[in-house]
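Undergrad: just a sequence and a predicted model for now, questions to come.
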Amino acid sequence: MPNIKSSKKAVKVIAKKTANNHELKMRVQNLIKNCEKSIAAGNHEEAEKLVKDIQKYSDKAVSKGLIKKNTADRQKARLTQKVKNMK
């Protein structure tokens, strides 16, 4: 446990940033899982909506450095291709 006041504050700030980063990363992963489920179920409208959300939050995670750009692009491309092939 830190003794200096600024170090105590830094610990709080780091904990808050870590929680926010984890939340965003998990949101992207959960959206991908839900999109895969809706594709498997054949629900085209929901899958298209989820792909848009995945693109939005993946780009946000890339800008924060939580996931690599190529990884996000690959995931988005694969899901988009799966949704297009549903018809």
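TA: That came in fine, so what should we check first? Residues are numbered from 1 along each chain as shown.

Undergrad: closest to the centroid, which residue in the protein?
TA: Val28 (2.1 Å; C-alpha atoms, centre = their mean).

Undergrad: thought it was touching Lys56?
TA: No - counting by C-beta atoms under 8 Å, Val28 sits too far from Lys56 to count as a contact (9.7 Å). The C-beta positions use only the backbone N, C-alpha and C, and glycine is treated the same way.

Undergrad: count of neighbours near Lys82?
TA: 15 (other C-beta atoms under 10 Å).

Undergrad: roughly how far does the residue nearest to the centre of the chain sit from Arg74?
TA: Using C-beta to C-beta, to the nearest Å, we find Val28 at a distance of 13 Å from Arg74.

Undergrad: before we move on, what about His44?
TA: Taking C-beta to C-beta, one finds His44 at 22 Å from Arg74.

Undergrad: which SS state does Ala19 fall under?
TA: helix (DSSP: H, G, I helix; E, B strand; the rest coil).

Undergrad: contacts only, for it.
TA: Applying C-beta atoms under 8 Å, 6 or more residues apart in numbering to Ala19 gives no contacts.

Undergrad: could I get the pLDDT score of it?
TA: Note on Ala19: pLDDT of 98.

Undergrad: got a list of contacts for the helix or strand hosting Leu79?
TA: Assigned by DSSP states H and E, Leu79 belongs to helix 69-84. Helix 69-84 is touched from outside by 32, 35-36, 39, 44, 47-48, 51, 54-55, 58-59, 61-62, with contacts defined as C-beta under 8 Å, 6+ apart.

Undergrad: JSON lines for these, including neighbour count, pLDDT and secondary structure?
TA: Shown next, in JSON lines, are the contacts of helix 69-84 (neighbours: other C-beta atoms under 10 Å; pLDDT from 0 to 100; DSSP: H, G, I helix; E, B strand; the rest coil):
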{"residue": "Ile32", "neighbour count": "19", "pLDDT": "97", "secondary structure": "helix"}
{"residue": "Cys35", "neighbour count": "24", "pLDDT": "96", "secondary structure": "helix"}
{"residue": "Glu36", "neighbour count": "15", "pLDDT": "96", "secondary structure": "helix"}
{"residue": "Ile39", "neighbour count": "19", "pLDDT": "95", "secondary structure": "helix"}
{"residue": "His44", "neighbour count": "14", "pLDDT": "94", "secondary structure": "helix"}
{"residue": "Ala47", "neighbour count": "22", "pLDDT": "95", "secondary structure": "helix"}
{"residue": "Glu48", "neighbour count": "15", "pLDDT": "95", "secondary structure": "helix"}
{"residue": "Val51", "neighbour count": "21", "pLDDT": "96", "secondary structure": "helix"}
{"residue": "Ile54", "neighbour count": "22", "pLDDT": "97", "secondary structure": "helix"}
{"residue": "Gln55", "neighbour count": "17", "pLDDT": "97", "secondary structure": "helix"}
{"residue": "Ser58", "neighbour count": "24", "pLDDT": "97", "secondary structure": "helix"}
{"residue": "Asp59", "neighbour count": "15", "pLDDT": "97", "secondary structure": "helix"}
{"residue": "Ala61", "neighbour count": "20", "pLDDT": "97", "secondary structure": "helix"}
{"residue": "Val62", "neighbour count": "17", "pLDDT": "97", "secondary structure": "helix"}
